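> Okay, sequence plus prediction incoming.
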Protein chains: 2
Amino acid sequence: MSGLRVELITIGDELLLGFTIDTNAAHIARTLAEAGVEIVRRTTVGDEADRIASAVREALERTGAVITTGGLGPTSDDLTKPSIAKIFGRKMVLDEEIAAALELRWRARFPGGTFPATNRSQAEIPEGAGILTNRHGSAPGIWLEDEKGQWVAMIPGVPREMRGMLADEVLPRIKPLLGDSASAVISGTLRTTGIAESAVAEILGPNFLGEPGTPLGSLSLAYLPGVAGLDLRVTAKGMARMEAEALVREAMLKLRSRVSAYVYGEGDVDLASVVLDQCRSVRLKLAVAESCTGGLLGERITNIPGSSAVFLGGVIAYHNDVKRDALGVREEDLRRYGAVSEEVSVQMAAGVRARSGADIGIAVTGVAGPGGGTREKPVGLVWIALNVSGSEAKARRFHLPGDRIEIRQRAAQAALEMLRRAFIKG
Amino acid sequence: MSGLRVELITIGDELLLGFTIDTNAAHIARTLAEAGVEIVRRTTVGDEADRIASAVREALERTGAVITTGGLGPTSDDLTKPSIAKIFGRKMVLDEEIAAALELRWRARFPGGTFPATNRSQAEIPEGAGILTNRHGSAPGIWLEDEKGQWVAMIPGVPREMRGMLADEVLPRIKPLLGDSASAVISGTLRTTGIAESAVAEILGPNFLGEPGTPLGSLSLAYLPGVAGLDLRVTAKGMARMEAEALVREAMLKLRSRVSAYVYGEGDVDLASVVLDQCRSVRLKLAVAESCTGGLLGERITNIPGSSAVFLGGVIAYHNDVKRDALGVREEDLRRYGAVSEEVSVQMAAGVRARSGADIGIAVTGVAGPGGGTREKPVGLVWIALNVSGSEAKARRFHLPGDRIEIRQRAAQAALEMLRRAFIKG
C-alpha cells in the first residue's frame, strides 16, 4: 500500500447543512489518489472551533497528515487557523503582508470606508507556519508541520482557489513524502450508450474481469448508469503504478471487446464531440430540428469548442405551426399522425436539412411530460429521424425513462448516438 | 439547541476516491436540518469493514445517533451491515423474505443462470434489526437500536432509493425523538441577477442585517455567486422554529428592499419560469433566435413544464447563412457589422418574431470562445436584442466573464432577465 495516508476535512456550515454540495472533497480525493496518496477518510464539520479541532486532532492521530478546506476567507468565520494552531501548540501571529493584502481587497469592495480593526485578525497565522500562495484570491493557505513530521495543509473552500493551491502548492510538498513504494489508484472508464445496465450485466456475467484471486480479478468493475448511458469503470488499487496501469489497460480491452457496438469513448469524452469529429473528418455539415428537446441537442453540440466548423444551426420547432412554417412539415400529417410520429420526425429532418443547406438533418419529437401523455403516446415516447444526403431517411422510436429533464437529456443523447452509428454502418 | 444530534456516514470507495460526488450527504443534511435535527459531523469511508466500524463507533460515542448510506446493495461489497452489527454485539441472521427478493432480482439480470449461494449472504441482517422498506429498489434498509436508545439507520447509496427511504422510513422514526425544544435550521434565499457581488456588498455594507448581538444580527448572510447570478442566503439556527422563521422573513424583506430591482425570485425558482409566468399572464407568445447560445436559451425555457403555452420555438442561427436565410438578417450588415453586433442582434430578434408569428422575439449573438475573439470583439462580448410587438426594439451589450460554458449560461440568463425587466418597466 501507499507510503502516505491522508485524511481530508472540509469545513463550513454551508457544507455540513447540505446547502453546498462538496465538490471540493471529490476533486481533492481524485487528485490525491491519482498521485498515489491513500485517502483514509473524509470528514465535514461546521464553523465551530471545538468541532474543527477535535476532527483534526482525531485525523492526525490516525494518519499524521491532513488537508482541510474552508474557514480561511475574509468573509468566513475564519476558525480553521486558530483551532489547528492550538493543536500544534502554536500561538497566532499577525502577518503584515497578508494584512496589507486583505485591507486592499476590503477597500476595493467598500471604497471610502474605514477598514475595521477586527478584519486584521484574519491575517493572523500560526507561528512558524508556511504560507501557501493563493493565485486566485486573497486568503493564503497554511502549511503547518511539527518536528515529528505531522502536518496539516489548510486551503480555501472557493473551488477555483482550492484547485490552484492544491496543484501549485500542496502537491509539490506532498510528492517527496510518497516514497518509492507508492501505489496509485488507477482507473479507466468506458462510456456506452443505447444499452441497459441489465443487458450489459447479462453479456458480461459475474466476475467478468477474472475470478477473485487472479490479477485481473483483483480489479473492481463499477456499473455507473446515467442519462448519457452506462459508464463502466475499472479500478486498480493497492499495487504498483506500472502494474495497475497495465491491468487497467488489459481490462478495458477485454470489456470493449464484449460491448464494442455501444462504446462511444473513454474517460470523460462527450458523445457530441465524437459525432462532431466524425462529421468533420468527412466534411459533412449538420443541422437540427428539435421539438421536445427544445434546443438541448443544439446546446450539446455547440458546447463543444470548434463546433461551428460542422454545425450550421437549426430550428426549435416547439409549436406545430413552426414545424409547418419553418420546416415544411405537412399540416395534414400533423393532424393525421400527430406531432410525435415517425412521419413528422422524418419531415422535420428533411426540412431542416433542405432549408439550412446541411448534409445531415437530425430531428427529435417526443412527449417529455409531465403532462401531454396518452395511452397511445405515453410520456417518454420519442421519435428521432436522420436525413443524410444521398442515403435513405431513417427514423427510430424510443421509450425513454425518467422525468421531463431526464427524458429530454436521454433523447438528445439518443439522437447523437443514432448519428454516430450512421457513420459506423457507412 | 436541538434535542437530537445526528452524525452522517457515507460509505463507498467511489465516494472516498472522488469518482462520485456525494450529493446524498447534502440531501440528507438539508432534510434533517429542516426537520430540526442538528447535524454534528459528516464522514466518508471506503468499503473496508474495520474503517466503517471505527467511524460508526466514534460517531455513536459522540451522538448516539447515526445514519449511514451505501454498502447495502446486491452489487456492492455489502460490508455496512456486518460491521455495524458487530458494534451492537449482534450476530447476522438470514432473512428469508429478503433472500427471495434478491434471488428474483438476480434471475431477472441473468436469466437461466444459477443463483450463487454467496449472494444469499446479502440477505443477512443483524439480529433484532428493523427493516426499512425500499420502494425503489431491492436492498432494504436497516434500523438497529440498542436498549440505551442508541441507533444506526442504514440506507442505500442509490440516490432515488435513499431519498424515498429517508422520507418514508427514517424521518417518521426520528421525529418522535426530537422533543418539544427542537430548534430548526431555517433559511431563505433571495435570487438576484445582473448585479455583481461586489456591487451588492457595497450597497449592503458590513453587518447589514444587524449588529452582532441583536436578533437579526445573529442570522448569517451568505453571498453565493453563480452563473445564474448572485443568491443571498439568510440562515437562522440555534433558536426555536417560530422565532427563526419570523427573523428570516424579516431579514428577507430588509434585503429585498435594498436590491429589489435585481431580485427575480426566492428559493430555488428558475428565472425561465418567472418569465414564462409573465408572458402567460398577458397572453404573449415567445420565440428565440440563438447564435452563441446554440439552443441553450430554448432549452432553459422548455425545461419548464407547461412552457408550450407560451413558447413557440425559434431558430438556432449558428452559421451566418442561417441568420440570413431563416431570420432575414441582411447579408451586407453581417459583412459590415459582423455577426456579433447590435444591428445583427436586432434583425435576428425581429426576424424570429415575424416568421414565427410570436409577440416577442429575443435574440442572442456573441463570442463564447475559447477561439474567435479579437481586440474589438473579445471573448465574452454578447449582444442581446428584444423585439416586442408594438414596442421599440431594444439591444444591450454585455461583457460576460468565464469560460465558454459559463459565458453561454450567463448569456441565456441575461436574455431572460432582459425580458423580465421589459415586463416590469411596462
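That came in fine, so what should we check first?
> What segments of the stretch 201-350 of chain A are strands?
Listed in chain order, the strands found in the stretch 201-350 of chain A under DSSP state E, counting those that start in this stretch are A:220-226, A:229-236, A:263-266, A:286-290, A:311-317.
> Now do the third one, average pLDDT.
Per-residue pLDDT values over strand A:263-266 give a mean of 97.
> Report the buried residues of it.
A:263-265 (16 or more other Cβ atoms under 10 Å in any protein chain shown). To be clear about C-beta, it is placed using only N, CA and C from the backbone, and glycine gets the same treatment.
> what's next to it, contact-wise?
Counting by Cβ atoms under 8 Å, 6 or more residues apart in numbering or on different chains, the neighbours of strand A:263-266 from elsewhere in the structure are A:188-193, A:229, A:252, A:256, A:271, A:274, A:417, A:420.
> what do you get for the fourth one?
Residues external to strand A:286-290 that are found in contact with it (Cβ under 8 Å, 6+ apart): A:276, A:279, A:296-298, A:301, A:310-317, A:327, A:348-349, A:351-353, A:356, A:358-364, A:415, A:419, B:295, B:298, B:316, B:322.
> how does it look with 7 Å?
Where contact means Cβ atoms under 7 Å, 6 or more residues apart in numbering or on different chains, the residues beyond strand A:286-290 that reach it are A:279, A:297-298, A:310-317, A:327, A:348-349, A:351-353, A:356, A:358, A:360-364, B:316.
> try the longest one
Strand A:229-236 has contacts (Cβ under 7 Å, 6+ apart) with A:185-195, A:197, A:200, A:219-224, A:244, A:247-248, A:251-252, A:255, A:413, B:19.
> How many neighbouring residues does residue A:422 have?
17 (other Cβ atoms under 10 Å in any protein chain shown).
> Tell me which helix or strand it sits in.
When secondary structure is defined using DSSP states H and E, the element that contains residue A:422 is helix A:404-425.
> Next, the angle strand A:220-226 makes with that helix.
Computed with axes from the mean of the first three to the mean of the last three Cα atoms, to 10 degrees, the direction of helix A:404-425 lies at 110 degrees from that of strand A:220-226.
> quick revisit: buried subset of the contacts of strand A:229-236?
The neighbour-count test (16+ other Cβ under 10 Å) marks A:185-194, A:197, A:200, A:219-222, A:224, A:244, A:247-248, A:251-252, A:255, A:413, B:19 as buried among the contacts of strand A:229-236.
> and the strands of the stretch 201-350 of chain A, which one's lowest on average pLDDT?
Out of these, strand A:220-226 stands lowest, with a mean of 87 (criterion: mean pLDDT).
> Can you dump the C-alpha atoms of it in PDB for me?
Taking C-alpha atoms only, strand A:220-226 is exported to PDB below (Å, rounded to 0.1, in the frame of the first residue of the first chain):
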ATOM      1  CA  SER A 220     -13.100  -3.600  -9.400                       C
ATOM      2  CA  LEU A 221     -15.700  -3.100 -12.100                       C
ATOM      3  CA  ALA A 222     -18.400  -0.500 -11.400                       C
ATOM      4  CA  TYR A 223     -21.600   0.000 -13.400                       C
ATOM      5  CA  LEU A 224     -22.400   3.700 -13.500                       C
ATOM      6  CA  PRO A 225     -25.800   4.300 -15.200                       C
ATOM      7  CA  GLY A 226     -26.700   7.900 -16.000                       C
END
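> That strand pairs with which strands, parallel or anti?
Using DSSP bridges, strand A:220-226 pairs in its sheet with strand A:229-236 (antiparallel).
> From the chain's centroid, how far away is the strand it pairs with?
On the basis of Cα atoms, centre = their mean, to the nearest Å, strand A:229-236 is displaced by 14 Å from the centre of the chain it belongs to.
> now do stretch A:58-78
25 Å.
> That stretch spans what distance, first to last residue?
Taking Cα to Cα, to the nearest Å, the span from the opening residue of stretch A:58-78 to its closing residue is 21 Å.
> which residues touch that stretch?
Outside stretch A:58-78, the residues within contact range by Cβ under 7 Å, 6+ apart are A:4-12, A:24, A:28, A:40, A:43, A:47, A:52, A:56, A:79-81, A:102, A:105, A:119, A:122, A:138-139, A:141, A:149-158, A:162, A:170.
> same deal with stretch A:44-51?
Stretch A:44-51 is contacted by residues A:9-13, A:15-16, A:22, A:52, A:55, A:71, A:77, A:79, A:82-83, B:41-42 when judged by Cβ under 7 Å, 6+ apart.
> re the thing from before, columns distance to residue B:424 on top of the contacts of strand A:263-266, output as a markdown table?
Shown next, in a markdown table, are the contacts of strand A:263-266 (distance: Cβ to Cβ, whole Å):
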| residue | distance to residue B:424 |
| --- | --- |
| A:188 | 53 |
| A:189 | 47 |
| A:190 | 51 |
| A:191 | 45 |
| A:192 | 48 |
| A:193 | 44 |
| A:229 | 43 |
| A:252 | 56 |
| A:256 | 56 |
| A:271 | 41 |
| A:274 | 44 |
| A:417 | 43 |
| A:420 | 46 |
